[in-house]
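**Student:** take a look and give me a structure for this.
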Amino acid sequence: MAEEPVRDFTTGPETTLTELLERFGTAGGFTAAKLATAAGIMRRMHDSDCTVFLSFPADIMATGTRGVLRQLVSNGFIDVIVTTCGTLDHDIARTLANYYHGNFEMNDTELRERGINRLGNVLVPDDSYGIPIEKWMHPFLEDLYKKQTRWMPGEIWHELGARLAREERGNESLLAACTAHNVPVFVPGFSDGAVGSQLWQFWQSHRDFTPDTLADEHALSDIVHDAKATGALMIGGGISKHHVIWWNQFRDGLDYAIQVTTAPEWDGSLSGARIREAVSWGKVRPEAQRVTVEGDATVLLPLLAGALR
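**Tutor:** Model prediction:
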(Lines give C-alpha, C1' and ligand atoms only; values in the text may rest on other atoms or scores of the structure.)
Protein backbone atom coordinates (compact mmCIF):
# COMPACT_ATOMS: atom_id res chain seq x y z
CA MET A 1 0.00 0.00 0.00
CA ALA A 2 1.31 3.44 -0.92
CA GLU A 3 2.24 5.73 1.93
CA GLU A 4 2.06 9.06 0.08
CA PRO A 5 -0.72 11.09 1.74
CA VAL A 6 -3.29 13.09 -0.20
CA ARG A 7 -2.69 16.80 0.33
CA ASP A 8 -4.95 19.80 -0.08
CA PHE A 9 -3.85 22.68 -2.27
CA THR A 10 -4.94 26.20 -3.02
CA THR A 11 -4.46 28.46 -6.02
CA GLY A 12 -4.38 32.18 -6.60
CA PRO A 13 -3.51 34.83 -9.18
CA GLU A 14 0.17 34.31 -8.43
CA THR A 15 0.11 30.53 -9.03
CA THR A 16 2.05 29.51 -12.14
CA LEU A 17 1.01 26.59 -14.30
CA THR A 18 4.16 24.74 -13.25
CA GLU A 19 3.22 25.19 -9.61
CA LEU A 20 -0.37 24.19 -10.33
CA LEU A 21 0.68 20.93 -11.99
CA GLU A 22 3.01 20.18 -9.07
CA ARG A 23 0.09 20.69 -6.69
CA PHE A 24 -2.07 18.45 -8.88
CA GLY A 25 0.54 15.76 -8.25
CA THR A 26 0.01 15.94 -4.48
CA ALA A 27 -3.80 16.09 -4.66
CA GLY A 28 -4.37 12.37 -5.14
CA GLY A 29 -7.33 12.50 -7.51
CA PHE A 30 -8.46 12.25 -10.13
CA THR A 31 -7.59 13.63 -13.57
CA ALA A 32 -5.42 16.21 -11.81
CA ALA A 33 -3.03 13.51 -10.63
CA LYS A 34 -2.91 11.95 -14.11
CA LEU A 35 -2.13 15.31 -15.71
CA ALA A 36 0.72 15.84 -13.25
CA THR A 37 2.06 12.41 -14.20
CA ALA A 38 1.84 13.37 -17.88
CA ALA A 39 3.81 16.57 -17.24
CA GLY A 40 6.53 14.56 -15.52
CA ILE A 41 6.73 12.13 -18.45
CA MET A 42 6.91 15.04 -20.92
CA ARG A 43 9.83 16.55 -19.02
CA ARG A 44 11.68 13.25 -18.89
CA MET A 45 11.17 12.71 -22.62
CA HIS A 46 12.55 16.19 -23.30
CA ASP A 47 15.51 15.79 -20.96
CA SER A 48 16.53 12.37 -22.31
CA ASP A 49 17.84 11.32 -25.72
CA CYS A 50 14.31 10.57 -26.90
CA THR A 51 12.56 11.16 -30.22
CA VAL A 52 9.16 12.61 -29.33
CA PHE A 53 6.11 12.10 -31.54
CA LEU A 54 2.99 14.25 -31.40
CA SER A 55 -0.22 12.87 -32.92
CA PHE A 56 -3.57 14.65 -33.00
CA PRO A 57 -6.80 14.97 -35.01
CA ALA A 58 -7.52 18.10 -37.01
CA ASP A 59 -10.41 19.48 -34.96
CA ILE A 60 -8.20 21.24 -32.42
CA MET A 61 -6.52 23.11 -35.28
CA ALA A 62 -9.83 24.93 -35.75
CA THR A 63 -9.46 26.36 -32.24
CA GLY A 64 -6.93 28.56 -30.49
CA THR A 65 -5.22 25.38 -29.29
CA ARG A 66 -3.33 25.54 -32.59
CA GLY A 67 -1.14 28.09 -30.82
CA VAL A 68 -0.29 25.56 -28.09
CA LEU A 69 0.74 22.99 -30.70
CA ARG A 70 2.93 25.64 -32.33
CA GLN A 71 4.40 26.47 -28.91
CA LEU A 72 5.37 22.84 -28.30
CA VAL A 73 7.14 22.72 -31.67
CA SER A 74 8.87 26.10 -31.30
CA ASN A 75 10.07 25.27 -27.78
CA GLY A 76 11.69 22.04 -28.92
CA PHE A 77 9.41 19.54 -27.18
CA ILE A 78 8.33 17.78 -30.38
CA ASP A 79 10.49 15.98 -32.98
CA VAL A 80 7.87 14.43 -35.29
CA ILE A 81 4.19 15.14 -36.01
CA VAL A 82 1.67 12.61 -37.32
CA THR A 83 -1.75 14.05 -38.10
CA THR A 84 -4.60 14.18 -40.62
CA CYS A 85 -5.28 16.17 -43.78
CA GLY A 86 -7.65 18.45 -41.87
CA THR A 87 -4.62 19.85 -40.03
CA LEU A 88 -3.22 21.04 -43.36
CA ASP A 89 -6.63 22.44 -44.32
CA HIS A 90 -7.23 24.37 -41.11
CA ASP A 91 -3.68 25.68 -40.95
CA ILE A 92 -3.91 27.15 -44.45
CA ALA A 93 -7.43 28.47 -43.92
CA ARG A 94 -6.74 30.13 -40.56
CA THR A 95 -3.51 31.67 -41.83
CA LEU A 96 -5.43 33.28 -44.69
CA ALA A 97 -8.81 33.97 -43.07
CA ASN A 98 -10.78 33.73 -39.81
CA TYR A 99 -12.98 31.20 -38.07
CA TYR A 100 -15.59 32.47 -35.61
CA HIS A 101 -17.22 31.70 -32.28
CA GLY A 102 -20.49 29.78 -32.33
CA ASN A 103 -22.25 27.28 -30.08
CA PHE A 104 -23.30 23.65 -30.17
CA GLU A 105 -27.03 24.42 -30.28
CA MET A 106 -27.10 26.55 -33.44
CA ASN A 107 -29.54 25.67 -36.24
CA ASP A 108 -27.46 23.73 -38.73
CA THR A 109 -29.99 24.03 -41.55
CA GLU A 110 -29.89 27.82 -41.26
CA LEU A 111 -26.09 27.75 -41.12
CA ARG A 112 -25.96 25.73 -44.35
CA GLU A 113 -28.26 28.25 -46.05
CA ARG A 114 -25.82 31.00 -45.03
CA GLY A 115 -22.75 29.09 -46.25
CA ILE A 116 -21.39 28.47 -42.78
CA ASN A 117 -20.02 25.14 -41.55
CA ARG A 118 -20.14 24.27 -37.84
CA LEU A 119 -17.31 22.40 -36.14
CA GLY A 120 -18.62 21.96 -32.60
CA ASN A 121 -18.89 25.53 -31.34
CA VAL A 122 -16.57 26.96 -34.02
CA LEU A 123 -18.01 28.48 -37.19
CA VAL A 124 -16.15 28.00 -40.47
CA PRO A 125 -17.60 30.11 -43.33
CA ASP A 126 -17.20 28.76 -46.86
CA ASP A 127 -15.32 31.98 -47.63
CA SER A 128 -12.75 31.06 -44.98
CA TYR A 129 -12.23 27.41 -45.92
CA GLY A 130 -12.72 25.74 -49.31
CA ILE A 131 -12.46 28.81 -51.52
CA PRO A 132 -9.22 30.31 -50.11
CA ILE A 133 -7.58 26.87 -49.87
CA GLU A 134 -8.33 26.17 -53.53
CA LYS A 135 -7.06 29.58 -54.68
CA TRP A 136 -3.92 29.26 -52.58
CA MET A 137 -3.08 25.64 -53.41
CA HIS A 138 -3.18 25.84 -57.21
CA PRO A 139 -0.23 28.25 -57.72
CA PHE A 140 1.62 26.48 -54.92
CA LEU A 141 1.30 23.13 -56.70
CA GLU A 142 2.27 24.68 -60.04
CA ASP A 143 5.49 25.91 -58.44
CA LEU A 144 6.21 22.46 -56.98
CA TYR A 145 5.60 20.85 -60.34
CA LYS A 146 8.10 23.16 -62.03
CA LYS A 147 10.78 21.97 -59.61
CA GLN A 148 10.08 18.24 -59.92
CA THR A 149 7.21 15.83 -60.50
CA ARG A 150 7.82 13.26 -57.76
CA TRP A 151 7.58 14.37 -54.14
CA MET A 152 7.40 12.69 -50.80
CA PRO A 153 4.21 13.98 -49.14
CA GLY A 154 6.29 15.15 -46.18
CA GLU A 155 8.37 17.26 -48.55
CA ILE A 156 5.18 18.86 -49.85
CA TRP A 157 4.09 19.76 -46.29
CA HIS A 158 7.57 21.18 -45.63
CA GLU A 159 7.32 23.38 -48.72
CA LEU A 160 3.77 24.27 -47.77
CA GLY A 161 5.00 25.50 -44.37
CA ALA A 162 7.72 27.57 -46.02
CA ARG A 163 5.13 29.19 -48.30
CA LEU A 164 2.73 29.87 -45.43
CA ALA A 165 5.54 31.56 -43.50
CA ARG A 166 5.57 34.27 -46.17
CA GLU A 167 1.91 35.14 -45.60
CA GLU A 168 0.98 38.18 -43.50
CA ARG A 169 -0.11 35.91 -40.63
CA GLY A 170 2.47 33.24 -41.33
CA ASN A 171 3.78 33.41 -37.77
CA GLU A 172 0.47 31.84 -36.67
CA SER A 173 0.94 28.74 -38.85
CA LEU A 174 1.82 25.40 -37.26
CA LEU A 175 3.27 24.11 -40.52
CA ALA A 176 5.45 27.21 -40.84
CA ALA A 177 6.81 26.51 -37.35
CA CYS A 178 7.46 22.87 -38.26
CA THR A 179 9.39 23.94 -41.35
CA ALA A 180 11.39 26.52 -39.39
CA HIS A 181 12.34 23.98 -36.71
CA ASN A 182 12.83 21.02 -39.07
CA VAL A 183 10.03 18.99 -37.51
CA PRO A 184 8.79 16.49 -40.13
CA VAL A 185 5.04 16.20 -40.60
CA PHE A 186 3.46 12.90 -41.69
CA VAL A 187 -0.12 12.74 -42.96
CA PRO A 188 -0.82 9.08 -43.81
CA GLY A 189 -4.40 9.84 -44.92
CA PHE A 190 -3.58 12.97 -46.89
CA SER A 191 -6.28 12.43 -49.53
CA ASP A 192 -9.01 12.81 -46.90
CA GLY A 193 -9.47 16.59 -46.91
CA ALA A 194 -9.38 19.82 -48.88
CA VAL A 195 -5.63 19.78 -49.50
CA GLY A 196 -5.82 16.16 -50.63
CA SER A 197 -8.65 17.03 -52.99
CA GLN A 198 -6.54 19.80 -54.46
CA LEU A 199 -3.69 17.33 -55.01
CA TRP A 200 -6.11 14.99 -56.80
CA GLN A 201 -7.53 17.81 -58.89
CA PHE A 202 -4.03 18.96 -59.88
CA TRP A 203 -3.15 15.39 -60.82
CA GLN A 204 -6.06 15.32 -63.26
CA SER A 205 -4.14 17.66 -65.57
CA HIS A 206 -0.61 16.65 -64.48
CA ARG A 207 -0.65 12.84 -64.50
CA ASP A 208 3.09 12.57 -63.87
CA PHE A 209 2.75 14.50 -60.60
CA THR A 210 3.42 11.83 -57.98
CA PRO A 211 3.17 12.11 -54.19
CA ASP A 212 5.29 9.09 -53.20
CA THR A 213 3.45 7.74 -50.17
CA LEU A 214 5.72 4.74 -49.62
CA ALA A 215 8.81 6.95 -49.62
CA ASP A 216 7.16 8.87 -46.77
CA GLU A 217 6.61 5.62 -44.90
CA HIS A 218 10.26 4.72 -45.42
CA ALA A 219 11.32 8.07 -43.94
CA LEU A 220 9.12 7.45 -40.90
CA SER A 221 10.58 3.96 -40.55
CA ASP A 222 14.10 5.42 -40.56
CA ILE A 223 13.19 7.87 -37.80
CA VAL A 224 11.79 5.09 -35.63
CA HIS A 225 14.69 2.70 -36.15
CA ASP A 226 17.38 5.36 -35.73
CA ALA A 227 15.93 6.58 -32.43
CA LYS A 228 17.68 5.63 -29.19
CA ALA A 229 14.35 5.95 -27.41
CA THR A 230 10.87 7.03 -28.52
CA GLY A 231 7.99 8.73 -26.78
CA ALA A 232 4.61 10.03 -27.86
CA LEU A 233 2.04 12.59 -26.85
CA MET A 234 -1.14 11.30 -28.50
CA ILE A 235 -4.29 13.42 -28.61
CA GLY A 236 -7.36 11.32 -29.36
CA GLY A 237 -6.95 8.34 -31.66
CA GLY A 238 -7.66 7.52 -35.27
CA ILE A 239 -5.06 7.11 -37.97
CA SER A 240 -2.71 9.61 -36.31
CA LYS A 241 -2.38 7.66 -33.07
CA HIS A 242 -2.30 4.31 -34.80
CA HIS A 243 0.43 5.32 -37.21
CA VAL A 244 2.67 6.31 -34.29
CA ILE A 245 2.20 3.11 -32.32
CA TRP A 246 2.19 0.95 -35.47
CA TRP A 247 5.66 2.00 -36.54
CA ASN A 248 7.01 1.92 -32.99
CA GLN A 249 6.08 -1.75 -32.61
CA PHE A 250 9.00 -2.52 -34.96
CA ARG A 251 11.41 -1.30 -32.30
CA ASP A 252 9.55 -3.24 -29.57
CA GLY A 253 7.34 -0.31 -28.60
CA LEU A 254 7.36 3.22 -27.25
CA ASP A 255 9.49 3.97 -24.18
CA TYR A 256 7.19 6.81 -23.10
CA ALA A 257 3.50 7.28 -23.90
CA ILE A 258 0.90 9.91 -23.01
CA GLN A 259 -2.65 9.81 -24.32
CA VAL A 260 -5.32 12.49 -23.89
CA THR A 261 -8.80 11.28 -24.85
CA THR A 262 -12.49 11.78 -24.20
CA ALA A 263 -13.49 8.38 -25.62
CA PRO A 264 -14.78 5.43 -23.56
CA GLU A 265 -12.89 2.16 -23.57
CA TRP A 266 -15.88 -0.15 -23.79
CA ASP A 267 -16.66 0.45 -27.49
CA GLY A 268 -13.36 -1.01 -28.68
CA SER A 269 -12.32 2.14 -30.55
CA LEU A 270 -8.70 3.19 -30.91
CA SER A 271 -9.53 6.58 -29.44
CA GLY A 272 -10.86 4.85 -26.34
CA ALA A 273 -8.20 2.16 -26.11
CA ARG A 274 -5.97 2.90 -23.11
CA ILE A 275 -2.23 2.78 -23.53
CA ARG A 276 -2.05 -0.44 -21.52
CA GLU A 277 -3.89 -2.18 -24.38
CA ALA A 278 -1.06 -1.22 -26.77
CA VAL A 279 1.34 -3.14 -24.50
CA SER A 280 -0.42 -6.36 -25.52
CA TRP A 281 0.33 -5.56 -29.18
CA GLY A 282 4.00 -4.75 -28.56
CA LYS A 283 3.40 -1.13 -29.51
CA VAL A 284 4.27 0.20 -26.05
CA ARG A 285 6.92 -1.47 -23.91
CA PRO A 286 5.72 -3.09 -20.66
CA GLU A 287 8.20 -0.98 -18.68
CA ALA A 288 7.32 2.23 -20.52
CA GLN A 289 6.44 5.34 -18.54
CA ARG A 290 2.83 5.85 -19.57
CA VAL A 291 -0.45 7.49 -18.65
CA THR A 292 -3.87 8.04 -20.19
CA VAL A 293 -5.50 11.32 -19.22
CA GLU A 294 -9.26 11.58 -19.78
CA GLY A 295 -10.57 14.97 -20.81
CA ASP A 296 -10.85 17.66 -23.46
CA ALA A 297 -7.50 18.39 -25.11
CA THR A 298 -8.42 22.07 -25.55
CA VAL A 299 -8.35 22.32 -21.74
CA LEU A 300 -5.67 19.79 -20.79
CA LEU A 301 -3.07 20.48 -23.49
CA PRO A 302 -2.59 24.18 -22.57
CA LEU A 303 -2.19 23.21 -18.92
CA LEU A 304 0.36 20.56 -19.85
CA ALA A 305 2.32 22.77 -22.24
CA GLY A 306 2.29 25.74 -19.88
CA ALA A 307 3.85 23.68 -17.09
CA LEU A 308 6.83 22.56 -19.18
CA ARG A 309 10.19 24.26 -18.67
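
**Student:** only C-alpha atoms from now on, for both contacts and neighbour counts.
**Tutor:** OK.

**Student:** isn't residue 69 right up against residue 173?
**Tutor:** No: Residue 69 lies out of contact with residue 173 (C-alpha atoms under 8 Å); the separation is 10.0 Å.

**Student:** of these two, which one has the most company?
**Tutor:** More crowded of residue 69 and residue 173, by other C-alpha atoms under 10 Å: residue 173, with 26 against 22.

**Student:** dump the residue contacts of that one.
**Tutor:** Counting by C-alpha atoms under 8 Å, 6 or more residues apart in numbering, residue 173 touches 70, 91-92, 94-95, 161, 164-165.

**Student:** now it: how far from residue 53?
**Tutor:** As judged by C-alpha to C-alpha, to the nearest Å, residue 173 and residue 53 stand 19 Å apart.

**Student:** likewise for residue 33?
**Tutor:** Residue 33 is 23 Å from residue 53, by C-alpha to C-alpha.

**Student:** so which of these two has more stuff around it?
**Tutor:** Remark: of residue 33 and residue 53, residue 53 carries more neighbours, 23 against 19, as counted by other C-alpha under 10 Å.

**Student:** dig out what that one forms beta bridges with.
**Tutor:** Beta-bridge partners of residue 53, counted by DSSP bridges, are residue 80, residue 232.

**Student:** low pLDDT regions in the stretch 201-309 of the chain?
**Tutor:** For the stretch 201-309 of the chain, no stretch has pLDDT under 70.

**Student:** let me see the ranges of the helices in it.
**Tutor:** Using DSSP state H, counting those that start in this stretch, the helices found in the stretch 201-309 of the chain span residues 213-226, 238-248, 275-280, 297-306.

**Student:** about what we covered before: got CSV for the contacts of residue 173, with secondary structure and neighbour count too?
**Tutor:** Converted to CSV, those look like this (DSSP: H, G, I helix; E, B strand; the rest coil; neighbours: other C-alpha atoms under 10 Å):
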residue, secondary structure, neighbour count
70, helix, 19
91, helix, 24
92, helix, 26
94, helix, 23
95, helix, 19
161, helix, 23
164, helix, 25
165, coil, 21
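
**Student:** which one among these gets closest to residue 201?
**Tutor:** Nearest to residue 201 among those is residue 92, at 17.6 Å by C-alpha to C-alpha.

**Student:** wait, that closest one sits on residue 165?
**Tutor:** No: between residue 92 and residue 165 there is no contact under C-alpha under 8 Å: 10.5 Å.

**Student:** quick one, phi/psi of residue 192?
**Tutor:** Main-chain dihedrals, residue 192, degrees, to the nearest 10: phi -90, psi 70.

**Student:** so what's it up against?
**Tutor:** Contact partners of residue 192, counting by C-alpha under 8 Å, 6+ apart, are 84-86.

**Student:** return the subset of the residues you listed lying in helices.
**Tutor:** Among those, the ones falling in helices (DSSP state H) are 85-86.

**Student:** of the contacts of residue 192, closest to residue 267?
**Tutor:** Nearest member of these to residue 267, counting by C-alpha to C-alpha, is residue 84, at 22.5 Å.

**Student:** turn the helices of the stretch 201-309 of the chain into TSV, including mean neighbour count and distance to residue 154.
**Tutor:** Formatted as TSV, the helices of the stretch 201-309 of the chain follow (neighbours: other C-alpha atoms under 10 Å; distance: least, C-alpha to C-alpha, whole Å):
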stretch	mean neighbour count	distance to residue 154
helix 213-226	16	6
helix 238-248	21	14
helix 275-280	16	26
helix 297-306	18	25
